[in-house]
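*Asks:* Sequence and predicted structure, then a few things I'm wondering about:
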Amino acid sequence: NAGVTQTPKFQVLKTGQSMTLQCAQDMNHEYMSWYRQDPGMGLRLIHYSVGAGITDQGEVPNGYNVSRSTTEDFPLRLLSAAPSQTSVYFCASSSGQGTDTQYFGPGTRLTVL
Amino acid sequence: GNSVTQMEGPVTLSEEAFLTINCTYTATGYPSLFWYVQYPGEGLQLLLKATKADDKGSNKGFEATYRKETTSFHLEKGSVQVSDSAVYFCALSKQGGSEKLVFGKGTKLTVNP
């Protein structure tokens, strides 16, 4: 049981490049989400999904796209990277039942030059 | 809107000292409250939670009590260890479950031997 996995661990992009951050979970969780962590800001919700085929925006969705074609995977796409997207990105999942715990991945550190 | 305010860090303590990290919240309805911990280079892990007023969450010697009258959820530990050095995040869930977490900015704790 690997829990929540994220790839890559580190990435450097140039402004305007695109990339996809991968997230997968093997706990059969319905709920998955993406957060970004910036110094002095805590974690902020980017997008979330309550099940396959269903996604919605969080607090800071601009510049990011998501899709949920399977229960296991929830990729985050940056279509045209900007320096303001330099951050650490965390994926999380939970069963979505009541007060169940959210499980976090190890994070992806992204730098946009 | 919903928000979490936690004490500014960093906090530096000697081993076996008493720890308090203050957390207050603003929310409509009856949120669930959480403390997450992030060890260096890792993702977030749930430390403890409380789902209704006067509930006490506890884990690994840490405790926090959900105080609706003061809208607080302060984290305490009677005797900290070097291994407790980490960043601690207070969070609330707007929907009563663990989905769509709203985080405080985090408090970095360093415990010296």
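*Replies:* Here it is on my side, so go on.

*Asks:* Can you tell me which residues in chain B are near chain A?
*Replies:* Taking Cβ under 8 Å from any Cβ of the partner chain, the part of chain B that reaches chain A is made up of B:4, B:32, B:36, B:42-46, B:49, B:51, B:89, B:93, B:96-106. All C-beta atoms are positioned from the backbone trio N, CA, C, and that covers glycine.

*Asks:* do that again at 10 Å, thanks
*Replies:* B:1, B:4, B:6, B:8, B:32-34, B:36, B:38, B:41-46, B:49-52, B:87, B:89-91, B:93, B:95-106 (Cβ under 10 Å from any Cβ of the partner chain).

*Asks:* Mark which of these are buried, thanks.
*Replies:* B:4, B:6, B:32-34, B:36, B:38, B:43-44, B:46, B:49-51, B:87, B:89-91, B:93, B:97-106 (16 or more other Cβ atoms under 10 Å in any protein chain shown).

*Asks:* Return the subset of the residues of chain B next to chain A lying in strands.
*Replies:* B:4, B:6, B:32-34, B:36, B:38, B:44-46, B:49-50, B:87, B:89-91, B:93, B:101-103 (DSSP state E).

*Asks:* list the contacts for B:K60?
*Replies:* With contact taken as Cβ atoms under 10 Å, 6 or more residues apart in numbering or on different chains, B:K60 is in contact with B:37, B:47-48, B:77, B:81, B:83-84.

*Asks:* could you point out where the chain is predicted with low confidence?
*Replies:* No chain was given, so I picked chain A. A:97-100 (pLDDT under 70).

*Asks:* wrong one, chain B
*Replies:* B:95-99.

*Asks:* what's the neighbour count on the closest residue to B:L92 other than its chain neighbours?
*Replies:* Distances taken as Cβ to Cβ, 6 or more residues apart in numbering or on different chains put B:P31 closest to B:L92, at 4.2 Å, once the chain neighbours are dropped. Around B:P31 there are 26 other residues, counting by other Cβ atoms under 10 Å in any protein chain shown.
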